[in-house]
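Asker: everything below, folded, please.
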Amino acid sequence: MKIGYLTGEYPRATDTFIQREVAGLRDLGLDVETCSIRRTGAAHLVGTEQREEAGRTFHVLPATLNPLRLTRATLSALRQPGLFFRALALAWRTAPKGVKGRLYNLIYFAEALVLADHLRHARVTHLHNHIAKSSCTVAMLASALSDIPYSFTLHGPDIFFAPEHWRLDEKIARARFVACISDFCRSQAMLWSDPVHWGKLRIVHCGVDPARYRVGVRDGTRLIFVGRLAAVKGVPVLLEAFAAARSAHPDLSLTLVGDGPDRPVLEADAVRLGIAGAVRFAGYRAQDEVADLLASHDALVLPSFAEGVPVVLMEALAAYMPVIATAVGGVGELVKDGETGLLVAPGDAGALQAAIAALLDDAEIRDRMGAAGRARVAADFDARAEAARLATLIRAGADLPAGKRPEATP
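Answerer: Got it, this is the predicted structure:
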């Protein structure tokens, strides 16, 4: 069975879970043709694995910008005029309001023409999408053009800020199934879809490879954050809490792994708060480097304002590390307050400082939570097991198995 795998940028440093899922599906015997709308920037290709994966991925937008390629794809699609014009009508009907919205959907239609042509030539029998925004619009239109069924993994939280804009209802209605990464995510999909389609909303977690992570030398003085340096992650709140925590723990340090649009502002905040010497901006790192950093730090802090179920929390727990996170989205489905970490209210620097102090002051609690977290990830967030659950849904075709959580069949 050959499946197409589409997302906006693949592979990418911030979406290594997709790369793990693709590897898991291949290990299960599925032939996976990876497709990406855009070429991934060099900053997001970290490590040999990602560069090799990028080299064998089909890039939709560059191909669409080739006049000969687009013409060939259009002529091929016109051999089935019924599918062509129904897909064109779908693109027009589902476009956001205004001239700009129509124009974008026509661009997505052109990309879908090229993708559909590529999938037909590659003999793909099922198309799966990650991140249900613009790339999923292309997947939906390519499916309509080619009659190849499609599915998608729904993450959030940002798509839930504007589900009408992205026509989440139409995408769910047309998909063979939707892999929701959490019960929270599934509930939002139920909110924005017709109840007749709720049966196709299934829970498939993102996952990690627990064997990649280990415990290193830890001394109770090092905190770490991993993620994009963007507003939704709440890093200014972390810096404020960290500055306050250093009054009682002057040896405390913080490593920020990742990059993003807010980095210059955050660097200036660190200077303003007098903690620049204790905060390291490490930039993006390869998967093995992140594992090494987790091994040598004492707790991961994720002060986000909105989340789905962050993979970085799974990575930290797999490394026998307690986490401090905000109680938003599906975080509570992974982090059990007082068992595998501590949950605090978003935006509350005082509560975040108190949680940091509670973990730093008690090595026994850190060890207990770390062990519980590792067990939690191994049981319910193992990437290979989750890939097997997704494979079960893909192989089932139109006859989906019962239950919201598919079995992990080999």
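
Asker: run a quick neighbour tally on the residue lying closest to residue 260 once chain neighbours are set aside.
Answerer: Distances taken as Cβ to Cβ, 6 or more residues apart in numbering place residue 229 nearest to residue 260, at 3.6 Å, with adjacent residues excluded. C-beta coordinates here come from the backbone N, C-alpha and C atoms, glycine included. Look at residue 229: counted by other Cβ atoms under 10 Å, it has 21 neighbours.

Asker: one more: residue 226?
Answerer: Around residue 226 there are 26 other residues, counting by other Cβ under 10 Å.

Asker: how about residue 43?
Answerer: 11.

Asker: the chain should start at 35 in everything you say after this.
Answerer: Got it, first residue is 35 now, which makes that one residue 77.

Asker: so who does it touch?
Answerer: 47, 293, 318 (Cβ atoms under 8 Å, 6 or more residues apart in numbering).

Asker: can you tell me how far it is from residue 113?
Answerer: 41 Å (Cβ to Cβ, to the nearest Å).

Asker: cool, residue 267 as well?
Answerer: For residue 267, the distance to residue 113 - Cβ to Cβ - is 48 Å.

Asker: ok, now residue 125?
Answerer: Counting by Cβ to Cβ, the gap between residue 125 and residue 113 amounts to 19 Å.

Asker: those two: which is more packed in?
Answerer: Between residue 125 and residue 113, counted using other Cβ under 10 Å, residue 125 has the larger neighbour count: 24 against 8.

Asker: what is whichever helix or strand the more buried one is part of packed up against?
Answerer: Element membership of residue 125 [criterion: DSSP states H and E] is helix 115-127. If you count contacts as 3 or more Cβ pairs under 8 Å, 6 or more residues apart in numbering; DSSP states H and E, helix 115-127 packs onto helix 101-111, helix 132-155, helix 168-180.

Asker: adding secondary structure and distance to residue 373, write the contacts of residue 77 out as a markdown table.
Answerer: Shown next, in a markdown table, are the contacts of residue 77 (DSSP: H, G, I helix; E, B strand; the rest coil; distance: Cβ to Cβ, whole Å):
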| residue | secondary structure | distance to residue 373 |
| --- | --- | --- |
| 47 | helix | 30 |
| 293 | coil | 32 |
| 318 | coil | 31 |
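
Asker: any of those buried? List them.
Answerer: Among the contacts of residue 77, the ones that count as buried by 16 or more other Cβ atoms under 10 Å are 47, 293, 318.

Asker: verify the contact between the first one and residue 75 for me.
Answerer: No - judged on Cβ atoms under 8 Å, residue 47 makes no contact with residue 75 at a distance of 9.6 Å.

Asker: keeping just the C-alphas, turn stretch 294-302 into PDB.
Answerer: C-alpha atoms of stretch 294-302 as PDB (Å, rounded to 0.1, in the frame of the first residue of the first chain):
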ATOM      1  CA  GLY A 294      11.500  32.400  16.300                       C
ATOM      2  CA  PRO A 295      10.300  35.900  15.800                       C
ATOM      3  CA  ASP A 296      10.400  36.900  19.400                       C
ATOM      4  CA  ARG A 297      14.000  36.000  20.100                       C
ATOM      5  CA  PRO A 298      15.400  39.700  19.900                       C
ATOM      6  CA  VAL A 299      12.700  40.900  22.300                       C
ATOM      7  CA  LEU A 300      13.400  38.000  24.700                       C
ATOM      8  CA  GLU A 301      17.100  38.600  24.600                       C
ATOM      9  CA  ALA A 302      16.400  42.200  25.500                       C
END
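
Asker: chain center to that stretch: distance?
Answerer: Stretch 294-302 sits 22 Å away from the centroid of its parent chain (Cα atoms, centre = their mean, to the nearest Å).

Asker: likewise stretch 39-46?
Answerer: With Cα atoms, centre = their mean, you get 10 Å for stretch 39-46.

Asker: what sits up against that stretch?
Answerer: With Cβ under 8 Å, 6+ apart, stretch 39-46 has contacts from 49, 52-53, 56, 59, 66-75, 78-79, 83-84, 87-88, 91, 94, 149, 161-165, 167-169, 172-173.

Asker: only the buried subset of these, as a ChimeraX command please.
Answerer: Buried residues among the contacts of stretch 39-46 (16+ other Cβ under 10 Å), as a ChimeraX selection:
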select :49,52,53,56,59,66,67,68,69,70,71,73,74,78,79,83,84,87,88,91,94,149,161,162,163,164,165,167,168,169,172,173
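
Asker: narrow the contacts of stretch 39-46 to those in strands?
Answerer: 66, 67, 68, 69, 70, 71, 72, 161, 162, 163, 164 (DSSP state E).

Asker: got the residue ranges for the strands in the protein?
Answerer: 36-43, 65-72, 92-93, 160-164, 184-188, 212-214, 235-237, 256-260, 287-291, 313-317, 333-336, 357-360, 375-378.
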